[in-house]
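**Q** with the sequence up front, the predicted model follows.
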Amino acid sequence: MKLSQFMMAATVAVAAVSATTGTAWAQAKEQFFPLLSYRTGPYAPNGVPWANGKQDYIKMINARDGGINGVKLTYEECETGYATDRGVECYERLKSRPGVSLFDPQSTGITFALTEKAPADKMPLVTLGYGLSVAQDGLAFKWNFPLMGHYWTGADILIQHIGKGAGGLDKLKGKKIALVYHDSPFGKEPIPLLQERSRMHGFELQMIPVTAPGVEQKAAWLQVRQSRPDYVLLWGWGVMNSTALKEAQATGYPRDKMYGVWWAGAEPDTRDVGDGAKGYNALALNTSGTQPKVIQDILKHVHDKGQGTGPKDEVGSVLYTRGVIIQVLSIEAVRRAQERFGKGKVMTSEQVRWGLENLALDQKRLDALGLAGVMRPISTSCADHMGSSWARVQTWDGAKWNMNSDWYQADEQILKPMVKAGAEKYLSDKKMTRRAPADCQS
């Protein structure tokens, strides 16, 4: 080989090594967030703003802060259509990406499927306001984080609110409460808590399943018309919610006697029904509107620069804001992990799991994050992977949602024994054991 050819080959080799090293370095400085979403199908009207909020917050942190202590945030969406099998496929495809942080399955069914995979993969699952209720027990479920509440807390708060309106929980004796629910793991989750409350207070619980996706509910509302319950709890998602409100209007059931879970209390659920949904109540984990500083920062650093994921007029809506909160908590878990394992470093999924288990967002920190008035403080631990069990009730006035209650806290005296018993059964069925105390330090 001539010297010139040798030098050229050596130069190419060095360039190749440099490129490879540069790529590895770039990957090492990127924290990756897989974003499971559903922008298609009957649940898209609710899934889209939720997904957009998460993505816009990532963009804002990169644009405003340059990432987390110099670590750039990257993401990739994977469309599930709310189907469990497609969600699992997305998980399997994205779980090995460099710098992967955690998964937000965005579906209770997908969560159930991934709960068995997460321990082997050492992959945390963030299920804010949904998922497996017994996963609040962090000593049994090391990798699940139902942050800010699960379906037992939601059902408990609704019964508290209804009881307060009736003049006391004792006044529920002899009353009839119907649960109109999405016939899926999501819709069935609140049933054990409602059954317990029914035994405690003497009300009759009627369960009325609705076949997914919920566009056909005439048979369900015929049951409501015939049984004439005192209250209806709506455990719906997507098109099921607006359909239920239209059927309630058609059958003459009072909307002010209807109470939805926090996934049945957003603008897509009521906007098209308008005055027909007036008086309808639903749980709220967060506020809405463009006033919060975090929303203003997203508008300034993302939408005003033409980088918004969706339309500007959806920014600050109920589900958009919830998507933002999910991403805030996910990013704060990475930030918390960096405090222990090294600032400016990419965190592994195991390290992020530690961060999720050690979140401590008091009001001062929420204010600094631009979330003043948007949500309650949250503090997790090894034993408590939920961190907060508060919610309010909002009411639709025909054009917008308005808060009509103070914050309620779910009754831990009822919940904790149920959660522990449910977790023990899960561990027994799966032939698993509880975490040792020493594991709480890992």
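**A** Noted; the coordinates are in hand. Residues are numbered from 1 along each chain as shown.

**Q** can you give me the helices in the stretch 1-150 of the chain?
**A** Assigned by DSSP state H, counting those that start in this stretch, the helices in the stretch 1-150 of the chain fall at 3-28, 44-65, 84-94, 108-115, 118-121.

**Q** contacts for the last one next, please.
**A** What that stands for is helix 118-121. Helix 118-121 is contacted from outside by 95, 124-125, 142-144, 349, using C-beta atoms under 8 Å, 6 or more residues apart in numbering. The way it works is simple: take the backbone N, C-alpha and C, and place the C-beta from them, glycine included.

**Q** of these, which pair is most distant in space?
**A** Within the contacts of helix 118-121, K95 and K142 form the most distant pair, 16.5 Å apart (C-beta to C-beta).

**Q** show the buried residues in the contacts of helix 118-121.
**A** Using 16 or more other C-beta atoms under 10 Å as the burial test, these include 95, 124-125, 142-144, 349 as buried.

**Q** and G138, how close does it get to L102?
**A** According to C-beta to C-beta, to the nearest Å, G138 and L102 sit 15 Å apart.

**Q** and T251, how many residues sit next to it?
**A** 13 (other C-beta atoms under 10 Å).

**Q** now tabulate the buried ones among the contacts of helix 118-121 in a markdown table and tack on distance to L371 and pLDDT.
**A** Output for the buried ones among the contacts of helix 118-121, formatted as a markdown table (distance: C-beta to C-beta, whole Å; pLDDT from 0 to 100):
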| residue | distance to L371 | pLDDT |
| --- | --- | --- |
| K95 | 29 | 98 |
| P124 | 21 | 98 |
| L125 | 23 | 98 |
| K142 | 27 | 97 |
| W143 | 26 | 98 |
| N144 | 23 | 98 |
| S349 | 25 | 98 |
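
**Q** return the subset of these lying in strands.
**A** Among the buried ones among the contacts of helix 118-121, the members falling in strands (DSSP state E) are 125, 144.

**Q** what's the closest of the buried ones among the contacts of helix 118-121 to T111?
**A** For the buried ones among the contacts of helix 118-121, the nearest to T111 is L125 (6.3 Å; C-beta to C-beta).

**Q** ok, the closest one touching G131?
**A** Yes: look at L125 against G131 with C-beta atoms under 8 Å: they come within range, at 7.4 Å.

**Q** now for those two: what residues contact both?
**A** Counting by C-beta under 8 Å, 6+ apart, the common neighbours of L125 and G131 are 105, 111, 144.

**Q** what residues are up against the nearest residue to the last one once chain neighbours are set aside?
**A** Of all residues not flanking N144 in the chain, A135 sits nearest, at 3.6 Å (C-beta to C-beta, 6 or more residues apart in numbering). For A135, the contacting residues are 115, 127, 141, 144-146, 150, 385, 423, taking C-beta under 8 Å, 6+ apart as the criterion.

**Q** one more time with 6 Å, if that's ok
**A** Going by C-beta atoms under 6 Å, 6 or more residues apart in numbering, A135 touches 141, 144, 146.

**Q** V232 now?
**A** For V232, the contact set (C-beta under 6 Å, 6+ apart) comprises 178, 180, 258.

**Q** tell me the SS of it?
**A** Applying DSSP: H, G, I helix; E, B strand; the rest coil to V232 yields a three-state assignment of strand.

**Q** from E350, how far out is it?
**A** Separation of V232 from E350 (C-beta to C-beta): 44 Å.

**Q** and L94, how many neighbours does it have?
**A** For L94, the neighbour count with other C-beta under 10 Å is 19.

**Q** how far away is the nearest residue to it once chain neighbours are set aside from M432?
**A** Nearest residue to L94 in three dimensions, chain neighbours excluded: P34, at 4.0 Å (C-beta to C-beta, 6+ apart). Relative to M432, P34 is positioned 25 Å away (C-beta to C-beta).

**Q** and those two? Which one has more around it.
**A** Shown here are P34 and M432; by other C-beta under 10 Å, P34 has more neighbours (22 against 14).

**Q** how much space between that one and T84?
**A** P34 sits 16 Å away from T84, taking C-beta to C-beta as the criterion.

**Q** just the strands in the stretch 151-300 of the chain please.
**A** Listed in chain order, the strands found in the stretch 151-300 of the chain under DSSP state E, counting those that start in this stretch are 176-182, 204-210, 231-235, 258-260, 281-284.

**Q** residue contacts, Q136?
**A** Residues in contact with Q136 (C-beta under 6 Å, 6+ apart) are 146, 385-386, 419.

**Q** now restrict these to buried residues only.
**A** Buried among the contacts of Q136 by 16+ other C-beta under 10 Å: 146, 385-386, 419.

**Q** can you report how many residues neighbour R199?
**A** The number of residues packed near R199 is 10, by other C-beta under 10 Å.

**Q** report pLDDT for it.
**A** The score at R199 is 98. That number is its pLDDT.

**Q** where along the stretch 201-350 of the chain do the helices fall?
**A** 218-227, 239-251, 267-270, 293-301, 318-341, 349-357.
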